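*Asks:* Have a look at this prediction, sequence included:
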Amino acid sequence: MRRVYLDHIAATPVHPTVREAMEPFLGGTFGNPRSFHAEGQAALAAVEEAREKVSALVGSDPAEIYFTSNGTEANNFAIKGLALGRKAQGSHIVVSAIEHVSVLNPVKALEKLGFASTAVPVDGAGRVDPAVVEKALTPQTVLVSVMTANSEVGTIEPVAEIAALCRARNVLFHTDAVAAAGNIPVDVKALGADALSLAADQFYGPKGAAALYVRRGTRILPLLDGGVQEGGRRGGTENVAGIVGMGRAAELARTEMAGRTSRMQALRDRLLEELPKRVDRVLVTGSREARLPHHASFCVEFVEGEAMMLSLDMKGVAASSGSACASKSLKASHVLLAMGLDHATAQGSLVFSLIDDTTREDIDHLLEVFPPIIDRLRRMSPLYTRHLKENRR
Amino acid sequence: MMYTEKVMDHFANPRNVGILEDADGVGQVGNPVCGDMMTFYIKVKDDRVEDVKFQTFGCGAAIAVSSMVSEMAKGRTLAEALAITNDSVAEELGGLPKNKMHCSNLGADALHEAIHDYQARRSGAVPRTPKPMDAHEHEGEACPYCDSSLEHADKVFCRACRVEFDECPACGGVTKKGDKACVHCGKPLGPDAQA
């Protein structure tokens, strides 16, 4: 059966040349970068080369890049490390209401250590208003974290403006750029961020490789206390193959971003345009203008996301959903609720995220299988029956 | 695969989907907040469930459970149908993921509601209006510490954290037993609250 993979935000396929670059480090070049013999030094050289490539992707110095094992670790490192590093100055943190749990939960953890936090609301398109962030700042505020782009609704946030107002008040600014970096231009100097998280599996690199950019001169406490790796700020033997893969993926992202974007965006626009035409009561979630180029998200009324996801999977399409049932915790998406959607509508969340290989035929296949799936699920939905009855009146 | 083959079969080809316009009993459980809502319709003849139809808004498990319940109930006496439990339905389906046991596995409850509705109508009572779709208590709520879904047997409990929860009288959120303040709204709790 034809498989159409539209779940980029969960994972991208590893690019063949990334895999090629990694292979020696899963075989003959197995040394530990901290060893002073030839095997170790070969591994160290590869890690440092990768650091240069990742720094080039985000416009930083190589020494400002700290490798971590995933985006969650990078976000934990940033939130805990930066806030605790400034504990003497204050104990208030500002985040947006739609941050990833790997930002929200470290903040919760810090609250047990005496920090307070404010989650600023978003508008109906999932956009954070810099003026609202500014109002949330108090003399106690030491850290603000707002994501570069949201993975569930695709909205790109005005982070440069937020970074500027933080800078003016001597408040640290971190941005979770996991969904954005490698997919849209991200430049730490232009953004003015003090810290920025990115992950390789969002731009055709391997899982298990990610990084945190920390601006030179910024105090950050380690999350993993250990040896001298990563300048003593992140102990633990390096995931050499993963880091090398991330470096190669970053290099590719930098050179191929424009081409990827134009290919995916045209198909994405077709999907955003066509899907609500093929099925009634489908709304686009997130911003239409400030949106990740590979991202199309919807809420389909009267049906539940996991049921749609399973049905699509049976027709060869891999998508994702922010519905309560699709999550392990069975909670409705905090992102969609923060955008003002009601619970029933939020349950119909469906996210399609394209990869560079996505073709027009793939999108056509989705557009073809989608209406009968929704028709079948709606015919068994008491909410749809009620809607039809109310309309008849 | 997170679902058994049997669950996927009942999800892909659900039995007895629909509405009985002249139903003798109607039962409704769940609410969209938890993500699952089921409506059951029954026709009763000679004290047996002669026909049964359902409609379900919900995930794969919720649809499969509804379908399985309808199959298990059809042709049974009312007493037999009332003896069907949510657990026996899950068992017939070859098991359900642990986090789906409480929210999605409500088919037997919906069937029982329909039977009670039928019995109430027969005894001349005012026909029961379907239960309003408000949240069944706590179901669907997650542990505030680890985000796993909470168990709701005789107490609210997180298996992962091994923590028992109470309800905050101020905001209704789940709070750890023995906590001095609610993790959601900050209101003081327990004996301290009275002081």
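*Replies:* Alright, I've got the coordinates.
*Asks:* so where do the strands sit in the chain?
*Replies:* Let's take chain A. A:4-5, A:65-68, A:92-96, A:116-120, A:141-145, A:172-176, A:195-199, A:210-214, A:282-284, A:295-300, A:317-318, A:349-353 (DSSP state E).
*Asks:* other chain: chain B
*Replies:* B:25-31, B:36-45, B:48-57, B:151-152, B:156-158, B:163-167, B:174-176.
*Asks:* Distance to residue A:223, mean neighbour count and mean pLDDT for the ones you listed - can I get that in TSV?
*Replies:* For glycine as for every other residue, the C-beta is placed from the backbone atoms N, C-alpha and C. Putting the strands of chain B into TSV (distance: least, CB to CB, whole Å; neighbours: other CB atoms under 10 Å in any protein chain shown; pLDDT from 0 to 100) gives the following:
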stretch	distance to residue A:223	mean neighbour count	mean pLDDT
strand B:25-31	40	23	90
strand B:36-45	38	24	94
strand B:48-57	42	24	96
strand B:151-152	32	18	70
strand B:156-158	25	19	73
strand B:163-167	25	18	75
strand B:174-176	25	22	73
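*Asks:* Of all those, which one comes closest to residue A:290?
*Replies:* Proximity to residue A:290 (CB to CB) singles out strand B:48-57 among these, at 32.5 Å.
*Asks:* Around the closest residue to residue A:268 other than its chain neighbours, how many other residues sit close by?
*Replies:* Once flanking residues are discounted, residue A:268 sits nearest to residue A:296: 5.2 Å by CB to CB, 6 or more residues apart in numbering or on different chains. Neighbourhood size, residue A:296 [other CB atoms under 10 Å in any protein chain shown]: 28.
*Asks:* What number of neighbouring residues does residue A:164 come out with?
*Replies:* 14.
*Asks:* who's in contact with it?
*Replies:* Under the criterion of CB atoms under 8 Å, 6 or more residues apart in numbering or on different chains, the contact list for residue A:164 reads residue A:192.
*Asks:* starting at the chain centroid, how far to the helix ranked longest in chain B?
*Replies:* Longest helix in chain B, counting residues (DSSP state H): helix B:107-122. Centroid displacement of helix B:107-122 relative to its chain, using CA atoms, centre = their mean, to the nearest Å, is 14 Å.
*Asks:* right, is that helix up against chain A?
*Replies:* No: Helix B:107-122 stays clear of chain A (CB under 8 Å from any CB of the partner chain), getting no nearer than 10.3 Å.
*Asks:* before we move on, the earlier item: just tell me which of the strands of chain A ends up closest to residue B:120.
*Replies:* Closest to residue B:120 of the strands of chain A is strand A:295-300 (CB to CB; 36.1 Å).
*Asks:* quick revisit: for my notes, please list the strands of chain A in CSV and give mean pLDDT for each entry.
*Replies:* Formatted as CSV, these follow (pLDDT from 0 to 100):
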stretch, mean pLDDT
strand A:4-5, 97
strand A:65-68, 98
strand A:92-96, 98
strand A:116-120, 97
strand A:141-145, 98
strand A:172-176, 98
strand A:195-199, 98
strand A:210-214, 98
strand A:282-284, 97
strand A:295-300, 97
strand A:317-318, 96
strand A:349-353, 96
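*Asks:* closest to residue B:177 out of those?
*Replies:* Set against residue B:177 and scored by CB to CB, those come closest in strand A:116-120, at 24.6 Å.
*Asks:* Going by neighbour count, which residues of the closest one are buried?
*Replies:* Using 16 or more other CB atoms under 10 Å in any protein chain shown as the test for burial, strand A:116-120 gives A:117-120.
*Asks:* just for chain B, where's the confidence low?
*Replies:* Scanning chain B with the threshold set as pLDDT under 70 gives B:1, B:34, B:102-103, B:126-149, B:152-154, B:158-163, B:171-172, B:178-179, B:182-186, B:190-195.
*Asks:* so where do the helices sit in it?
*Replies:* Assigned by DSSP H, the helices in chain B fall at B:5-12, B:60-73, B:78-82, B:86-92, B:107-122, B:190-194.
*Asks:* Comparing the ones you listed, which comes out most buried?
*Replies:* Of all the helices of chain B, helix B:60-73 has the most neighbours on average by mean count of other CB atoms under 10 Å in any protein chain shown, namely a mean of 27.
*Asks:* pull the CA atoms of that one into CSV?
*Replies:* Provided in CSV are the C-alpha atoms of helix B:60-73 (Å, rounded to 0.1, in the frame of the first residue of the first chain):
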residue,chain,number,x,y,z
GLY,B,60,-10.5,3.9,18.5
ALA,B,61,-11.0,2.2,21.8
ALA,B,62,-14.3,4.0,22.5
ILE,B,63,-15.7,3.0,19.1
ALA,B,64,-14.5,-0.6,19.5
VAL,B,65,-15.9,-0.9,23.0
SER,B,66,-19.3,0.4,21.9
SER,B,67,-19.3,-2.1,19.0
MET,B,68,-18.4,-5.0,21.3
VAL,B,69,-21.0,-4.1,23.9
SER,B,70,-23.7,-3.9,21.2
GLU,B,71,-22.7,-7.4,20.0
MET,B,72,-22.5,-8.8,23.5
ALA,B,73,-26.0,-7.4,24.4
